[in-house]
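Peer 1: please find the sequence and the predicted model below.
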Amino acid sequence: MTTAFYTHPDCLEHITQPGHPERVDRLVTLMDGFSSEAFSALKRCEPALADLEMITRVHPETYVKEIQNASEGASEGYVKLDADTAVVSGSWKAALRAAGALVNAVDLVMSAGATNAFCAVRPPGHHAETAQAMGFCLFNNVAIGAAHALAVHGLSRVAILDFDVHHGNGTQEIFQSDPRVFFASSHQMPLYPGSGAASETGVGNIHNLPLAPDAPAADFRDAWTKLLPELEAFAPEFIFISAGFDAHKADPLSNQNLTDADFVWITEELANIAARCCANRVVSTLEGGYDLDALRSSALAHVKVLMRVSETETENAKPSDWSSAHD
């Protein structure tokens with residue numbers, strides 16, 4: 001067993017305006033980091049393009065066509081969808097690859113082709129609502145993956161855990177009436193997009209963990225520690241992670257104080273629950289993180305935890321006595 005790593009050159013073709021924080025260099029620095037020998041054991045996969053059926057489990061077809069038309073009509077430059085979200089001609093394929101990565105990763109993990117997976121894709125997704133692009137996001141990649149797990153693999157309980165510093169408003173909006181989906185988000189408040197109060201609970205399936213500006217890292221750990229028993233009681237059959245690394249103390253878009261060690265801690269905690277509840281089935285996808293050095297070190301540390309889980313599962317699967325196992 002191994003950890004799968006999904007990325008595609010098409011995700012580099014979603015080019016943002018000069019000075020935009022969600023830029024091509026984010027993925028370039030990750031591709032470079034994951035090319036090192038330390039990550040040679042990754043199962044490297046190129047995602048297929050998501051098809052309409054996959055996306056319309058989450059977004060209406062009219063909205064999907066709007067994104068396609070805006071991208072294909074952007075041959076002369078950028079087409080703005082909101083104040084900080086725009087598309088270029090390469091954005092359509094990039095968005096399809098990003099959504100496709102989540103779907104492909106779910107299929108691979110469900111078939112035991114990998115223990116878990118990380119999707120290094122862009123544009124990110126957790127701000128995209130049912131019919132609204134926003135916050136750098138076009139399609140809600142993690143929601144598309146979760147909907148696929150429910151619809152195609154027949155699961156009845158999936159969890160989406162979001163530790164991006166910004167509230168995952170899109171994921172919440174999509175699943176707030178669906179008790180099959182446990183959604184939890186830790187995020188700075190106040191901060192964009194302005195949602196994510198603890199009082200927003202959906203049908204009891206939404207769990208928001210707002211953190212004050214300049215909160216110590218201990219507050220992040222305390223909030224998740226209190227929530228984790230509820231997650232385990234939900235007994236998810238699959239765990240998704242919206243892995244944003246912009247709560248890092250070096251990130252320019254927030255005022256939090258996390259370090260790589262905190263991202264390792266939350267990844268280990270979620271992996272432990274996955275081991276007890278769902279045979280280690282975890283798919284993680286890149287969301288935010290805008291200081292390149294912090295993004296690189298945090299994402300690599302996050303994936304190293306996933307790889308350790310895969311290695312442990314492989315070791316546990318080996319017969320303790322090879323000769324007797326073949327008698």
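Peer 2: Everything's here; your move.
Peer 1: L228 and F5, how far apart?
Peer 2: Distance of L228 to F5, computed by Cβ to Cβ, to the nearest Å: 26 Å. C-betas here are computed from N, CA, C, even on glycine.
Peer 1: of those two, who's got more company?
Peer 2: Per other Cβ atoms under 10 Å, whichever of L228 and F5 has more neighbours is F5, with 24 against 17.
Peer 1: following whichever strand or helix holds the more buried one, which helix or strand shows up next?
Peer 2: Element membership for F5 (DSSP states H and E) is strand 3-6. On the C-terminal side of strand 3-6, the closest following helix or strand by DSSP H and E is helix 24-33.
Peer 1: neighbouring contacts of the helix or strand that that following helix is followed by?
Peer 2: Per DSSP H and E, the first helix or strand lying C-terminal to helix 24-33 is strand 43-45. By Cβ atoms under 8 Å, 6 or more residues apart in numbering, the residues outside strand 43-45 that reach it are 2-6, 104-105, 108, 113-114, 117.
Peer 1: so which bits of strand 43-45 are buried?
Peer 2: Neighbour counts over strand 43-45 (16 or more other Cβ atoms under 10 Å) mark 43, 45 as buried.
Peer 1: pLDDT averaged over that strand - what is it?
Peer 2: Mean pLDDT, strand 43-45: 98.
Peer 1: parallel or antiparallel, list what pairs with it.
Peer 2: Strand pairing for strand 43-45, using DSSP bridges, gives strand 3-6 (parallel).
Peer 1: off-centre distance for stretch 155-168?
Peer 2: Remark: stretch 155-168 is offset 8 Å from the chain centroid, using Cα atoms, centre = their mean, to the nearest Å.
Peer 1: got the buried residues for that stretch?
Peer 2: For stretch 155-168, a neighbour-count test (16+ other Cβ under 10 Å) marks 155, 157-168 as buried.
Peer 1: same question, stretch 185-201
Peer 2: 185-189, 191-192, 195-196, 200.
Peer 1: between these, which is nearest F240?
Peer 2: Closest approach to F240 among the buried residues of stretch 185-201 (Cβ to Cβ): S185, at 12.2 Å.
Peer 1: how about the closest one: what's its closest non-neighbour residue?
Peer 2: Distances taken as Cβ to Cβ, 6 or more residues apart in numbering place D162 nearest to S185, at 4.2 Å, with adjacent residues excluded.
Peer 1: roughly how far does the one you found sit from L49?
Peer 2: From D162 over to L49 the distance is 25 Å, taken as Cβ to Cβ.
Peer 1: do the same with D246
Peer 2: Between D246 and L49 the computed distance is 28 Å (Cβ to Cβ).
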